[in-house]
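what's the 3D shape of this:
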Amino acid sequence: MVSKTGEIDTEWVEEGVTANYVFARGIGAADQALANKTQRLATARNAAIVNAQYNMLSFLKGVQLEGGITVEKAIETDSVLATRIDQLIRGAQVVRTEWTSDDGCVLVLRLAKSSLTGSGLKL
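Modelled structure (predicted):
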């Protein structure tokens, strides 16, 4: 994800969906106006987490539920499902974090597929 020089690789293989997990990658930029390196790293990591959660939600919205309806359509009318999916995504585990030479962050979130079955989702 991040090369030895600290730059983001220009090409990588997305992990996507495996037998047991759904993966999503996030990229966050550091606020260069912050004088403290720790603050730059922390804000970049937080931004990367939000970006990865967004990417995971975008993927899950395309999943079809029983009956052929997509998650995106179902959450428009089912606030319980929307809340459950939001909780699942917020509970996804960060499994890899790397910082770039300019204090940006690239990370990977992992969500167990088994946690999706209670929500009516099946991948």
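
quick check: closest non-adjacent residue to residue 62.
Setting aside the residues directly before and after it, residue 62 is nearest to residue 70 in space (Cβ to Cβ, 6 or more residues apart in numbering), at 6.1 Å. No exception for glycine: its C-beta is placed from N, CA and C like everyone else's.

for that neighbour, name its beta-bridge partners.
Per DSSP bridges, the residues bridged to residue 70 are residue 64.

that one: neighbouring residues, count only.
Neighbour count for residue 70, taken as other Cβ atoms under 10 Å: 14.

how about residue 92?
21.

could you measure from the residue nearest to residue 62 over to residue 61?
As judged by Cβ to Cβ, to the nearest Å, residue 70 and residue 61 stand 7 Å apart.

just checking, what packs against the lowest-mean-pLDDT helix or strand in the chain?
Sorting the helices and strands of the chain by mean pLDDT, DSSP states H and E puts helix 71-77 at the bottom, at a mean of 86. Other elements packing on helix 71-77 under the criterion 3 or more Cβ pairs under 8 Å, 6 or more residues apart in numbering; DSSP states H and E are helix 37-61, helix 79-90.
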